[in-house]
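Visitor: build me a model:
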Amino acid sequence: MNKLVSALLIGGVFGIGIAISGMANPAKVLNFFDIAGTWDPSLLVVMVSALVVAAIGYRIVFGRQTKPAFETSFDLPTKRSIDWQLVGGSALFGIGWGMSGFCPGGAIPALGLGYSETPTFVGAMIAGIIVARFLKQRIAQPAPARS
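Guide: Coordinates of the predicted model:
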């Protein structure tokens, strides 16, 4: 139960931060990408601020704790290679973010802020997750041998 409450509180703080910073507004995000037009550097300020806070948090947590509060061990990625899945996923994320002004972290809080395009984006995001999982499962399983 503590794990669920912790996740809910952390997600709530993240969502409130996204909403307060304006990063749930797709027009504000798209203006960041419009360098030659109505460029808005506020997304850069939010990103740099988040990196500083995260770096401090990681330093504190990994410097003092041997395990998370509600788990038996840290669940950190072990894969260090750059493969087609990482590059392809990153490219799709960037293209989607640049076209819509939403990233998954900003779209969920935006559902409650009344932007009309948010439900379409979230639906497409969920469909994309389902298709990606299906394709990953199909690629991982070898085709049955034919006789």
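Visitor: pLDDT weak spots in the protein?
Guide: Filtered on pLDDT under 70, the chain yields the residue ranges 141-147.
Visitor: helices of that one, residue ranges please.
Guide: Secondary structure of the chain (DSSP state H): helices at 2-21, 26-33, 42-64, 84-100, 104-110, 118-140.
Visitor: among those helices, which is nearest F70?
Guide: helix 2-21 (4.0 Å; CB to CB). C-beta here means a position set from N, CA and C on the backbone, and glycine is covered the same way.
Visitor: now the closest one against helix 26-33, angle please.
Guide: 70 degrees (axes from the mean of the first three to the mean of the last three CA atoms, to 10 degrees).
Visitor: which strands and helices sit next to helix 2-21?
Guide: The contact analysis (3 or more CB pairs under 8 Å, 6 or more residues apart in numbering; DSSP states H and E) places helix 2-21 against helix 104-110.
Visitor: list the buried residues for the helix it packs on?
Guide: Judged by neighbour count using 16 or more other CB atoms under 10 Å, the buried positions of helix 104-110 are 106-110.
Visitor: then stretch 18-32?
Guide: Applying 16+ other CB under 10 Å to stretch 18-32 flags 18-19, 21, 23-26, 28-32 as buried.
Visitor: residues making contact with that stretch?
Guide: With contact meaning CB atoms under 8 Å, 6 or more residues apart in numbering, stretch 18-32 is reached by 37-44, 46, 97-98, 100-103, 105-107, 109-110, 112-113, 115, 117.
Visitor: now it: how far from the chain's centre is it?
Guide: Distance, stretch centre to chain centre, for stretch 18-32: 14 Å (CA atoms, centre = their mean, to the nearest Å).
Visitor: can you tell me the distance between the two ends of that stretch?
Guide: Taking CA to CA, to the nearest Å, the span from the opening residue of stretch 18-32 to its closing residue is 15 Å.
Visitor: also stretch 111-126?
Guide: For stretch 111-126, the first-to-last residue distance is 14 Å (CA to CA).
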